[in-house]
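[1] Could you work out the structure for the sequence below:
(2 chains)
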There are 2 protein chains.
Amino acid sequence: MDSLLADGLGRIASDIDTAFDQLLPLPEDPRKRLVEAMRYAAIGGGKRLRPLLLTATAEMYGVDRDAALRAGVAIESIHVYSLIHDDLPCMDDDELRHGKPTIHKAYDEATAVLAGDALHAFAFEVLSDVATSGDPFTRIELVATLAGASGFQGMAGGQMMDIVAETSTFDLQTITRLQQLKTGALLGASVEMGAILGKVPPEGRTHLRGYARDIGLAFQIADDLIDHEGDEKAAGKALRKDAEAGKETFVSLLGPDRARAQARMLVDQAVAQLASHGVEADLLRALARYIVERDH
Amino acid sequence: MDSLLADGLGRIASDIDTAFDQLLPLPEDPRKRLVEAMRYAAIGGGKRLRPLLLTATAEMYGVDRDAALRAGVAIESIHVYSLIHDDLPCMDDDELRHGKPTIHKAYDEATAVLAGDALHAFAFEVLSDVATSGDPFTRIELVATLAGASGFQGMAGGQMMDIVAETSTFDLQTITRLQQLKTGALLGASVEMGAILGKVPPEGRTHLRGYARDIGLAFQIADDLIDHEGDEKAAGKALRKDAEAGKETFVSLLGPDRARAQARMLVDQAVAQLASHGVEADLLRALARYIVERDH
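    So this is what the prediction gives:
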């Protein structure tokens, strides 16, 4: 891993933990259990890829890091809430996440549902606060982008397709659409929100959207490869679940070799989208490469 | 019921159903099941008290009805998502809502979790759209108000207190706080959002907040009375659940007679908050009275 990326990953992990810690103080009343559960899920785990994409994009356009970190906390809150709900017994029924018990195991199911819901609302509380941007138009654009990427037209829609996939046979096109919604929408929103903070108008974001779309698919293919042949200890979660559930994936449809080649092609394509940028886009380039090379 | 209120309730029920129907068209792909479930939960049920509070307040300040209805759809989406998640087996485990099977019964638990999540995001999609208000500051104020009222500082915090109440003994002050968060926060946001659309500055909303706080508590006392002595058929849901769960309520702490007197006092106080308004506040006055007189 190059040092620019290693520094970026280390710095974002520490900064996002600090931000969650500051923004979610424990209340001294019976809501304490809820905020504890939110903190348990939100602090100290995960690669923080979405906040890193967001802050790296924002930095290209000279955005103040504190503002970008707040938007990063918001998108990570959505990601974390989706993991909490995904891990529930009625969904994927997972007992381990980032190497520690999932929240419904550490607390209980009701607390897991509520902590997910509260993190979902928290994302929009953080974005709509004037500390994220003094410009109301910027704030509302952030909200619109994140809400659109989270709901039935984005992540939640992709999760439903994923459930339907257990009892249907999807072709490559439908699997691609599923993944673009389930994972790609939020990765795309990360880059887009960085550009929104940088006051880049929508027509100036086309190449960034292309970059995000390509790394989103590459990310999912890499995930499928890890699920197919990865190490459970490195991944910090149960693997081989797709095959057990009889779900089609990029790996089952393409085979591991073609899947790997496809992921690499997508990363090259993503990097090519950044051709108009100089060294200021190096972190985004390194991130694209990391996405297919990671083992967890 | 006076005719102003009867008209208001009939009109809002029809308008909110129409708005959900238009804003949530069924997609022709595997996300269809998700949007069907969202529509099942959102259309054709409930008294639409929150949208009625919102539109009645907005109308006092001359707000365009279509804009107010969009904000009404947003707040109702939050309310509906909270009911879906509340009804889950790991929460209240209810089988009936508005006289029809709850969504995890009609579909399944995973779909219920996701439909709730998607309605949650949908609320912020609707609010952040330019069709709700041409003014970005108004839109972001709506988002901030709704997100704050929904999260750990509002509804979700109250729901957690409600869970803790099953194993703790709360005094009247803590029960009051619980209800102010669990139900009051969203009722307060309804009135506040109507005033935001009407461009009423925060300092001009104090009396409206007082009105909302009073009717919020009166509403909950009325709910406790219905749970204690109401008719399950009229209520369209299972009753006597608080006593079974061993939870303290206004009725268990005050007794039914004092609870009823307290609710009536709160309604008088709420109506008094509107003294600076003329006939344009008659619907809000009628609504306050209805809240304690309803049987479901």
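[2] for chain B, what are the nearby residues on the stretch 151-296 of chain A?
    Counting by Cβ under 8 Å from any Cβ of the partner chain, the positions of the stretch 151-296 of chain A adjacent to chain B are A:151-154, A:156-157, A:159-161, A:163-165, A:168, A:170, A:174, A:177-178, A:181. Every residue, glycine included, has its C-beta placed from N, CA and C.
[3] Could you identify the buried members of these?
    Among those, those classed as buried by 16 or more other Cβ atoms under 10 Å in any protein chain shown are A:151-154, A:156-157, A:159-161, A:163-165, A:170, A:174, A:177-178, A:181.
[4] number of nearby residues for A:P27?
    Using other Cβ atoms under 10 Å in any protein chain shown, A:P27 has 15 neighbouring residues.
[5] The one 10 residues further on too?
    In terms of burial, A:A37 registers 25 neighbours under the definition other Cβ under 10 Å.
[6] Please apply the same query to A:P25.
    Counted with other Cβ under 10 Å, A:P25 comes out at 9.
[7] How about the contacts made by it?
    Counting by Cβ atoms under 8 Å, 6 or more residues apart in numbering or on different chains, A:P25 makes contact with A:V35.
[8] where does it fall, helix, sheet strand or coil?
    coil (DSSP: H, G, I helix; E, B strand; the rest coil).
[9] just the one 10 residues further on next, same as before
    When classified by three-state DSSP, A:V35 comes out as helix.
[10] Thought A:L23 was touching it, still the case?
    No: look at A:V35 against A:L23 with Cβ atoms under 8 Å: they stay out of range, at 10.6 Å.
[11] Could you report the neighbour count for A:T145?
    Neighbours around A:T145, by other Cβ under 10 Å: 23.
[12] so how far is chain B from it?
    As judged by Cβ to the nearest Cβ, to the nearest Å, A:T145 and chain B stand 9 Å apart.
[13] what's the helix or strand for that residue?
    If you go by DSSP states H and E, A:T145 is part of helix A:136-150.
[14] tell me the angle that helix makes with helix B:136-150.
    Taking axes from the mean of the first three to the mean of the last three Cα atoms, to 10 degrees, one finds helix A:136-150 and helix B:136-150 inclined to each other by 50 degrees.
[15] can you dump the C-alpha coordinates of whichever strand or helix holds A:R213 into PDB?
    Assigned by DSSP H and E, A:R213 belongs to helix A:206-229. Taking C-alpha atoms only, helix A:206-229 is exported to PDB below (Å, rounded to 0.1, in the frame of the first residue of the first chain):
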ATOM      1  CA  THR A 206     -19.700  13.800 -14.500                       C
ATOM      2  CA  HIS A 207     -16.200  12.400 -14.400                       C
ATOM      3  CA  LEU A 208     -16.500  11.900 -10.600                       C
ATOM      4  CA  ARG A 209     -19.700  10.100 -11.000                       C
ATOM      5  CA  GLY A 210     -18.000   7.900 -13.600                       C
ATOM      6  CA  TYR A 211     -15.100   7.200 -11.200                       C
ATOM      7  CA  ALA A 212     -17.500   6.300  -8.400                       C
ATOM      8  CA  ARG A 213     -19.600   4.000 -10.700                       C
ATOM      9  CA  ASP A 214     -16.500   2.100 -11.800                       C
ATOM     10  CA  ILE A 215     -15.000   1.800  -8.300                       C
ATOM     11  CA  GLY A 216     -18.400   0.800  -6.900                       C
ATOM     12  CA  LEU A 217     -18.600  -2.200  -9.200                       C
ATOM     13  CA  ALA A 218     -14.900  -3.100  -8.700                       C
ATOM     14  CA  PHE A 219     -15.500  -2.900  -5.000                       C
ATOM     15  CA  GLN A 220     -18.400  -5.400  -5.200                       C
ATOM     16  CA  ILE A 221     -16.500  -7.800  -7.400                       C
ATOM     17  CA  ALA A 222     -13.700  -7.600  -4.900                       C
ATOM     18  CA  ASP A 223     -16.200  -8.300  -2.100                       C
ATOM     19  CA  ASP A 224     -17.500 -11.300  -4.000                       C
ATOM     20  CA  LEU A 225     -13.900 -12.600  -4.500                       C
ATOM     21  CA  ILE A 226     -13.300 -12.200  -0.800                       C
ATOM     22  CA  ASP A 227     -16.500 -14.000   0.000                       C
ATOM     23  CA  HIS A 228     -15.500 -16.800  -2.400                       C
ATOM     24  CA  GLU A 229     -11.800 -17.300  -1.500                       C
END
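[16] what about it, distance to the chain center?
    11 Å (Cα atoms, centre = their mean, to the nearest Å).
[17] rewinding a little: which ones among the residues of the stretch 151-296 of chain A next to chain B map onto helices?
    Using DSSP state H, A:156-157, A:159-161, A:163-164, A:174, A:177-178 are the members of those that sit in helices.
[18] right, and the pair among those residues with maximum separation?
    Using Cβ to Cβ, those reach their maximum pairwise distance at A:A156 and A:T174, which is 17.0 Å.
[19] So for the helix holding A:T145, what gets flagged as buried?
    So for helix A:136-150, counting by 16+ other Cβ under 10 Å, buried means A:136, A:138-150.
[20] can you list the residues that contact it?
    A:71, A:74-75, A:78, A:82, A:120, A:123-124, A:127-130, A:132-133, A:154-156, A:185-186, A:188-189, A:192-193, A:196-197, A:199, B:117, B:121-122, B:124-125, B:127-129, B:136-137, B:139-140, B:143.
[21] Can you flag the buried ones in those?
    Applying 16+ other Cβ under 10 Å to those flags A:71, A:74-75, A:78, A:82, A:120, A:123-124, A:127-129, A:132-133, A:154-156, A:185-186, A:188-189, A:192-193, A:196-197, B:117, B:121-122, B:124-125, B:127-129, B:136, B:139-140, B:143 as buried.
[22] Give me the residue ranges of the stretch 1-150 of chain A where confidence is low.
    Applying pLDDT under 70 to the stretch 1-150 of chain A flags no residue at all.
[23] Give the burial count for A:E248, as a bare number.
    18.
[24] Could I get the phi/psi values of it?
    phi -70, psi 140 (degrees, to the nearest 10).
[25] The helix or strand hosting A:V292 - contacts with which helices or strands?
    Secondary structure assignment for A:V292, by DSSP H and E: helix A:282-293. When contacts are defined as 3 or more Cβ pairs under 8 Å, 6 or more residues apart in numbering or on different chains; DSSP states H and E, helix A:282-293 sits against helix A:3-23, helix A:49-60, helix A:206-229, helix A:256-273.
[26] Skipping adjacent residues, who's closest to A:E125 in space?
    B:A147 (4.4 Å; Cβ to Cβ, 6 or more residues apart in numbering or on different chains).
[27] what about that neighbour, distance to B:R50?
    Distance from B:A147 to B:R50, counting by Cβ to Cβ, to the nearest Å: 15 Å.
[28] cool, and A:R39?
    In this view, A:R39 and B:R50 are 30 Å apart by Cβ to Cβ.
[29] between those two, who's got more neighbours?
    Between A:R39 and B:R50, counting by other Cβ under 10 Å, B:R50 is the more crowded of the two (25 against 17).
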